[in-house]
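*Asks:* Here is my input; please provide its structure:
(chains A and B)
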Amino acid sequence: DGGITQSPKYLFRKEGQNVTLSCEQNLNHDAMYWYRQDPGQGLRLIYYSQIVNDFQKGDIAEGYSVSREKKESFPLTVTSAQKNPTAFYLCASSTSGTSGRSDDYEQYFGPGTRLTVT
Amino acid sequence: QKEVEQNSGPLSVPEGAIASLNCTYSDRVSQSFFWYRQYSGKSPELIMSIYSNGDKEDGRFTAQLNKASQYVSLLIRDSQPSDSATYLCAVNIGGGNKLTFGGGTRVLVKP
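*Replies:* Numbers count the residues shown, from 1 in each chain, chains lettered A, B, ... in the order given. Sure, this is the predicted structure:
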């Protein structure tokens, strides 16, 4: 089955610790994204990558870092510099938008990781 | 002004009725528009995409796009209790494949 996996589903950390969230996709999508969702809020873009070894900051990149060494993988590190890290983190992927396909830009989401920092 | 705006709701709809959700956006360059459904505690699920002015129907869902007025709407016909969820509107503000999401509209379908 094609899809996006995120692990773990729940994650608990102490304040001051860095933590890495995993995101893997087997949809052969070029582009991948990380979003953060706070209770009762919409999604806010943290980082996105349109191609391997390249990524761009989204609207709320401070305190986060990413890497894109493989097409299938886009891990997100929440660093100790992130002031309010407790949130629901969502990874998504899409085609790059250059194929001319009807589903260009459609983003598909993984199940999410719920991070709690105390 | 937010780039993508939705009424937060809740929108209460009797079972079998039509639920009408609206979304306005700020950027005339935007070309791609999406509706996602999100159940409580779950990740968003894509239900509709629309790129051209007019209506697009898929089962009980109809998306309507009016680029001149900068709004996109979603109609849910014959609403069912299982349609109770938050519906997120997403727009590629500025073009490209980066999406901006609205805050979502919570829909409650009452039996």
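*Asks:* check contacts around residue A:118.
*Replies:* Contact analysis of residue A:118 by C-beta atoms under 8 Å, 6 or more residues apart in numbering or on different chains lists A:12-15. All C-beta atoms are positioned from the backbone trio N, CA, C, and that covers glycine.
*Asks:* what do you get for residue B:93?
*Replies:* Counting by C-beta under 8 Å, 6+ apart, residue B:93 makes contact with B:3-4, B:25-27, B:29-30, B:99-100.
*Asks:* Show the buried residues in the contacts of residue A:118.
*Replies:* Those of those that meet the buried threshold are residue A:13, by 16 or more other C-beta atoms under 10 Å in any protein chain shown.
*Asks:* circling back: show the buried residues in the contacts of residue B:93.
*Replies:* Among those, the ones that count as buried by 16+ other C-beta under 10 Å are B:4, B:25, B:30, B:99-100.
*Asks:* and stretch B:32-45, what's its mean pLDDT?
*Replies:* Averaging pLDDT along stretch B:32-45 gives 96.
*Asks:* do the same with stretch A:87-99
*Replies:* On average, stretch A:87-99 scores 87.
*Asks:* same thing with stretch B:1-15?
*Replies:* Mean pLDDT, stretch B:1-15: 92.
*Asks:* Show me which positions of that stretch end up buried.
*Replies:* Buried residues in stretch B:1-15 (16+ other C-beta under 10 Å): B:4-6, B:11, B:13.
*Asks:* restrict those residues to those near chain A?
*Replies:* residue B:4 (C-beta under 8 Å from any C-beta of the partner chain).
*Asks:* Quick check: of the buried residues of stretch B:1-15, which lies closest to residue A:93?
*Replies:* residue B:4 (20.8 Å; C-beta to C-beta).
*Asks:* how close does the residue nearest the centre of chain A get to chain B?
*Replies:* The residue lying closest to the centre of chain A (C-alpha atoms, centre = their mean) is residue A:34, at 2.4 Å. Residue A:34 is 12 Å from chain B, where distance means C-beta to the nearest C-beta, to the nearest Å.
*Asks:* Determine the three-state secondary structure at that residue.
*Replies:* Here residue A:34 is strand, with the state taken from DSSP: H, G, I helix; E, B strand; the rest coil.
*Asks:* List the contacts of the closest residue in space to it that isn't next to it in sequence.
*Replies:* Excluding its sequence neighbours, the residue lying closest to residue A:34 (C-beta to C-beta, 6 or more residues apart in numbering or on different chains) is residue A:46, at 4.3 Å. Neighbouring residues of residue A:46 by C-beta under 8 Å, 6+ apart: A:34-36, A:58-61, A:64, A:66, A:76.
*Asks:* again, only this time at 10 Å
*Replies:* A:33-36, A:57-66, A:76, A:78, A:82, A:87, A:89-91 (C-beta atoms under 10 Å, 6 or more residues apart in numbering or on different chains).
*Asks:* ditto for residue A:9
*Replies:* Residue A:9 makes contacts with A:111-114, as judged by C-beta under 10 Å, 6+ apart.
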